[in-house]
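> quick check, what structure comes out for this input:
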Amino acid sequence: MNGAEFVQLSLTPLLIGVLAAVACALPGNFLILRRQALIGDAISHVVLPGIVVAFLLSGQATGPAMLAGAAGAALVAVVLIELVRRLGRIEPGAAMGVVFTAMFALGVLLLEQSDSSAVHLDVEHALMGNLESLIWFDAEGWHSVADPVALAALTPELPRMAAVCLLLALTLRLFWRPLVLSTFDEGFAAGQGYPVRVIGLGIVVMAALAAVVAFDAVGAIIPIAMFICPPGAARLMTDRLGAQLAWSVAFGAVAAVAGYLLAGHGPALIGLDGSVSAAGMIAVTSGLILGLACLFGPRRGRAAAPPGGRAGA
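Residues are numbered from 1 along each chain as shown. Here you go, the predicted model:
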């Protein structure tokens with residue numbers, strides 16, 4: 001593949017994959033530290049029926065309609081969780097599992113029954129996205145990166161993901177102190193006058209925003225993996241939160257690039273024809289990174305030195 005073909009066929013999918021991974025990894029760090037890691041998984045399940053219903057009502061599967069549908073589904077999920085918890089007298093975790101599983105199944109059933117092929121919204125798209133099809137048709141080479149006419153023809157998923165990444169990064173930078181204090185010591189943060197419940201809700205909203213915007217391009221698989229795997233691996237590398245965020249961003253970017261390349265070229269390396277899903281391979285790669293961090297992470301991996309002793313096997 002020459003430079004012009006790479007820019008046209010692979011540059012935008014790679015960048016969108018990296019941006020989606022980073023957007024999910026940033027709030028994922030705080031979900032991990034708050035022991036709420038599965039909220040990211042839950043959000044990715046909940047948005048599906050909301051997006052499908054929004055499409056059936058508006059005929060659009062992107063933009064404001066998608067965001068409104070996902071937000072409405074999240075609100076319905078919160079109400080249903082509370083009803084199941086109160087009426088069934090079960091713990092919140094079990095209520096969440098019941099509601100999220102049921103809503104995802106409802107979304108799949110709605111997709112199967114609706115005529116959404118015209119916008120590439122189906123079960124496979126919902127799970128795996130359409131990363132490989134996000135081609136920059138007007139690109140003629142690297143010089144197109146500085147060509148306003150060619151840039152105007154970029155697939156809209158790229159600027160959308162870039163805007164979300166920037167928004168999340170600025171939000172973390174602006175509210176860094178209250179986020180850190182409420183994450184590690186809610187009582188102290190509340191004593192300092194910070195609205196800890198609002199901050200916790202804000203983290204969930206950030207995660208929901210990342211999942212919803214990533215959904216159209218990369219489906220549900222990548223957000224589920226990226227909310228957990230890069231932050232989890234980063235947690236095994238350092239005890240400092242700032243460094244942990246940097247590690248998680250690096251791990252997410254590496255998983256996106258390596259997974260995308262392996263999806264296209266990996267089968268050929270072992271003598272097979274064709275390719276595999278880019279989203280699926282990116283998720284697998286992020287899991288491999290987490291596994292390596294569990295084995296060799298200097299802080300909490302199996303190779304980490306125990307307090308007062310040498311590193312164990």
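> where does the stretch 1-150 of the chain have low pLDDT?
Along the stretch 1-150 of the chain, the model assigns pLDDT under 70 to residues 1-2, 59-63, 92, 114-128.
> run the last query once more with 90
The stretch 1-150 of the chain contains residues with pLDDT under 90 at 1-13, 31, 34-150.
> could you check the pLDDT of residue 207?
Note on residue 207: pLDDT of 85.
> for the spatially most central residue of the chain, grab phi and psi.
Geometric centre of the chain, nearest residue: residue 223, 2.5 Å, by C-alpha atoms, centre = their mean. Reported as degrees, to the nearest 10, the phi and psi values for residue 223 are phi -60, psi -40.
> tell me who's in contact with it.
Listed by C-beta atoms under 8 Å, 6 or more residues apart in numbering, the contact set of residue 223 reads 20, 24, 40, 43-44, 210-211, 214-215. Yep, even glycine has a C-beta here, placed from its N, CA and C like the rest.
> redo the residues you listed as a markdown table? Include distance to residue 290 and neighbour count.
Output for these, formatted as a markdown table (distance: C-beta to C-beta, whole Å; neighbours: other C-beta atoms under 10 Å):
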| residue | distance to residue 290 | neighbour count |
| --- | --- | --- |
| 20 | 17 | 31 |
| 24 | 14 | 36 |
| 40 | 14 | 27 |
| 43 | 20 | 30 |
| 44 | 17 | 30 |
| 210 | 19 | 31 |
| 211 | 19 | 31 |
| 214 | 19 | 28 |
| 215 | 22 | 25 |
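> pipe these into CSV and attach secondary structure and distance to residue 137 per row.
Below are the contacts of residue 223 laid out as CSV (DSSP: H, G, I helix; E, B strand; the rest coil; distance: C-beta to C-beta, whole Å):
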residue, secondary structure, distance to residue 137
20, helix, 21
24, helix, 27
40, helix, 33
43, helix, 32
44, helix, 29
210, helix, 27
211, helix, 28
214, helix, 22
215, helix, 23
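> nearest to residue 238, of those?
Taking C-beta to C-beta as the measure, residue 24 is the one of the contacts of residue 223 closest to residue 238, at 19.5 Å.
> distance of the closest one relative to residue 15?
15 Å (C-beta to C-beta, to the nearest Å).
> what's the answer for residue 99, then?
35 Å.
> so between the two, which is more surrounded?
residue 99 (23 against 19; other C-beta atoms under 10 Å).
> mind listing what's buried in the helix or strand hosting that one?
Using DSSP states H and E, residue 99 sits within helix 92-113. Of the residues in helix 92-113, 95-100, 103-104, 107-108, 110-111 count as buried by neighbour count, 16 or more other C-beta atoms under 10 Å.
> do the same with stretch 231-242
Residues 231-238, 241 are the ones in stretch 231-242 that count as buried (16+ other C-beta under 10 Å).
> just stretch 192-203 next, same as before
By neighbour count on 16+ other C-beta under 10 Å, the buried set for stretch 192-203 is 194, 196, 199-200, 202-203.
> again with stretch 42-61
Residues 42-55, 61 are the ones in stretch 42-61 that count as buried (16+ other C-beta under 10 Å).
> out of the residues you listed, which are inside helices?
Counting by DSSP state H, those place 42-55 in helices.
> closest one to residue 259 out of those, please.
residue 44 (17.3 Å).
> the longest helix in the chain is where?
From DSSP H, the single longest helix across the chain is helix 241-269.
> what's the helix or strand that comes right after it in contact with?
With elements assigned by DSSP H and E, the helix or strand that comes after helix 241-269 is helix 278-296. Helix 278-296 is contacted from outside by 13, 17, 21, 127-129, 131-132, 218-219, 221-222, 224-226, 228-230, 232-234, 236-237, 251-252, 254-256, 258-260, 262-264, 266, 301-303, using C-beta under 8 Å, 6+ apart.
> how about a cut-off of 6 Å?
17, 128-129, 131-132, 218-219, 221-222, 225, 229, 232-233, 236, 251, 255-256, 258-260, 262-263, 301-303 (C-beta atoms under 6 Å, 6 or more residues apart in numbering).
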